Each structure stands twice: as C-alpha cells, then as structure tokens.
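Asks: Requesting a structural model of the entry that follows:
(chains A, B, C and D)
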Protein chains: 2
Amino acid sequence: MNIGLLLFIPSREVENRVLAAVVEAGFEITQAQARVLMRVGPDGTRLTELAEAAQVTKQTAGFLVDQLEKAGYVERVPDPSDGRARLVRVTAKAEEAVPVANAEMARIEAEWEQHIGRRRMTQLREALEMLGEITDPYR
Amino acid sequence: MNIGLLLFIPSREVENRVLAAVVEAGFEITQAQARVLMRVGPDGTRLTELAEAAQVTKQTAGFLVDQLEKAGYVERVPDPSDGRARLVRVTAKAEEAVPVANAEMARIEAEWEQHIGRRRMTQLREALEMLGEITDPYR
DNA sequence: TTGTTCTAGTCAGATTCTCTGATTAAAGTA
DNA sequence: TACTTTAATCAGAGAATCTGACTAGAACAA
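Replies: As a prediction, this is how the structure comes out:
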C-alpha cells in the first residue's frame, strides 16, 4: 500500500471530523478556510506567509482571508514594520472554536490509540514530527 | 502540533511530488483525477464504489471519470452482472504511468528514511496500515 | 406476475476553490 | 534619485465539488 495514500486517509479523517465538530458547534467555516486559519500565528501573520504555509497562491490566500474576515474570524491590521503589509490576526470569535476542535482531535486520538496501542501512537507522532522538519514549508 | 496537520503535510508532499513526476513524464492528469484513478481495481470498479472510496459524490466521480476517459486513461465497459452499472477500467496508457509514480514514491521514501531512520520508517508504515483499517472507507 | 421500492448512473445548475497575469504602493538598494 | 524587489490586490478564467431531480434496471413482496 502506497505511503501517500496511507498518510492521506487518516489525514482526511481528522480534517473531516474536526471540521464537522466545529461546524456542528455553530461555526460556519469551510475546509479551505480552516487550513488557512490554522496557520495564523499568535501575533498575526502576513498574507504572503499564510499563502506559503498553506501552499496556495497569495490570491487564493487573500480570497479565503476575505471570507474569514467577513465572517468575523480574522481581522487585518496594518503591519507597523512595513507599510505595504498587513497582519492577519485571529479574533476572539475564532478562539472560541479552538477548544471544540481540540476536543474532537483528542477523541480521535483516543480512538486511534485504542486501535493501534499507545506505543505505536507515540512512535507515529514522533516519526511525523520529524518528517515535518523536511516537508513543512512553514518551518 | 496537531495530528491532522502532521499527517496532512507529508501526505501532500507525496501527492505533489508524485503528480509532478507523472506530469513531467508526459501524462496529463490532475490531482483530483489521480485520486480517483488510484482507486480503480484490477478488474474494474463501479462508479459508485469509486465515489465511496475517494469520498466524493457520484456526480464528482462521474465528472472526473469522464475526463479520464476522454484522456484515454480509463474505459467504461458494461457490468455483466448488472445492466444498470458499468465498470471503470484502467487502460494500458494509464498502466504506463505506474512505474513513474512508483519510482518517485521510492525516491521520497528513501529521503524520509535517510532523515528519520529505517526503524522509525517501519514503525510509521505499520501504524498507518493499522489506522487504515479504521479510517479507509474502501476496506 | 405485477407493483413498489431500491440502486447505478446521469443531467442541470450553482458554489467554492484555485490559478495566471497585470497592477499599485511601499521598501530596499546602488 | 532611479531601479529593483516585495506585499497585496484586481480581473478573469478554469477546475472540482456539491444539491436536487431524473431515468433505467434490479430486487423484492404480495
């Protein structure tokens, strides 16, 4: 079984379930928007950085941030260190979704650990963290 | 770091690189088409099954299969056991892309093994195979 | 056998996501 | 100052996806 599909399937499972939980809780947000929102840092992040981290073009990132802004999940503030740039920051409203997402994630991890065992779960996480070092464009 | 993102990042890396290699080799195909094509079984697969495995609606699967058919990567033949159904089968042309994809995949795995070590790579694959049992709708 | 219900697939229409190319304004640099 | 680069946006188009409605064949119950 190919490693790409092996990674893709549980990845999608998490995405789907976490998004479903968040939507269920009353937050209207899409998968694409969530992928960008997830990348916004605690002190705000520039559009260009978001685009790079989420691996989409600036235009796409801008389009998604527009929607997130309209829905009240992020705000754009001027970047004091660069007059051309603006910082995208998450709002209090978006912060409220975090515990919902975390709870569903914890539920999933618990199910997985139930199935594959604690040791393998630890190993999985460790291997993935290391792979992130060479595959995550954000780092 | 959340487990969904940890899975998503390397998953996308594989998808992107394998697709790029296949396109580079002259096969004109998109990510969405590839995801469906990948799920076609050796004896042909029904559209409904493809849709389920790839987790898209029948309409979307049909749309993508149309394109794959036009491009000559799959053909639709009547299902002898059911007059309503047709079997989607991969053509010889599509088979030619397989070694290209496999080669790139092997290259990626080698790089990863270089970075995280052989033992962790084995553990990773084992954990993912097991997770597939509870997350892959195809099985 | 004959309705009734279910299943496989398609048609129509709309929305969402994504891209390429061009433009504007601010920064950095020679 | 003039040139180049960078951050962001505007315009337009294409790709992928969905919901809802429909057709034809299969399955089943009376």
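Asks: who in chain A is up against DNA strand C?
Replies: Taking Cβ under 7 Å from any atom of the strand as the test, the list of chain A residues beside DNA strand C reads A:30-33, A:35, A:55-57, A:59-60, A:63-64, A:67, A:82-84. Where you see a C-beta, it was placed from the backbone N, CA and C, and this is true even at glycine.
Asks: out of those residues, which are buried?
Replies: A:33, A:35, A:55-56, A:64, A:67 (16 or more other Cβ atoms under 10 Å in any protein chain shown).
Asks: Just flag the most distant two among those residues.
Replies: Distance extremes for these: the farthest pair is A:55 and A:67 at 18.3 Å, using Cβ to Cβ.
Asks: Residue A:110: how many residues sit nearby?
Replies: Counted by other Cβ atoms under 10 Å in any protein chain shown, the residues lying close to residue A:110 total 11.
Asks: Next one: it from residue A:100, what distance?
Replies: Separation of residue A:110 from residue A:100 (Cβ to Cβ, to the nearest Å) stands at 16 Å.
Asks: Residue A:51 now?
Replies: As for residue A:51, its distance to residue A:100 is 26 Å (criterion: Cβ to Cβ).
Asks: Give the residue from those two that has the larger number of neighbours.
Replies: Shown here are residue A:51 and residue A:100; by other Cβ under 10 Å, residue A:51 has more neighbours (20 against 17).
Asks: how about the nearest residue to residue A:132, chain neighbours excluded?
Replies: The shortest distance from residue A:132 to any residue other than its chain neighbours is 5.8 Å, reached at residue B:9 (Cβ to Cβ, 6 or more residues apart in numbering or on different chains).
Asks: Help me confirm that the one you found comes into contact with residue A:133.
Replies: No: contact criterion Cβ atoms under 8 Å: residue B:9 and residue A:133 do not qualify, at 10.3 Å.
Asks: okay, those two: which has more neighbours?
Replies: When residue B:9 is set against residue A:133 and neighbours are counted by other Cβ under 10 Å, the residue ahead is residue B:9, at 22 against 10.
Asks: residues contacting that one?
Replies: Contacts of residue B:9 were listed using Cβ atoms under 8 Å, 6 or more residues apart in numbering or on different chains, and they are A:131-132, A:135-136.
Asks: Show the buried residues in those.
Replies: In these, burial by neighbour count holds for A:131-132, A:135-136, counting by 16+ other Cβ under 10 Å.
Asks: got the residue ranges for the helices in chain A?
Replies: Applying DSSP state H to chain A gives helices spanning A:3-24, A:31-37, A:47-54, A:58-70, A:92-95, A:97-116, A:118-135.
Asks: what angle sits between the last one and helix B:3-24?
Replies: The directions of helix A:118-135 and helix B:3-24 differ by 50 degrees, with axes from the mean of the first three to the mean of the last three Cα atoms, to 10 degrees as the criterion.
Asks: And the pLDDT at the closest residue to residue A:65 other than its chain neighbours?
Replies: Take residue A:65 and drop its neighbours on the chain: the residue closest to it by Cβ to Cβ, 6+ apart is residue A:88, 5.6 Å away. Residue A:88 is assigned a pLDDT of 98 by the prediction.
Asks: Any idea what residue A:88 is bridged to?
Replies: The residues paired with residue A:88 through beta bridges, assigned by DSSP bridges, are residue A:45, residue A:76.
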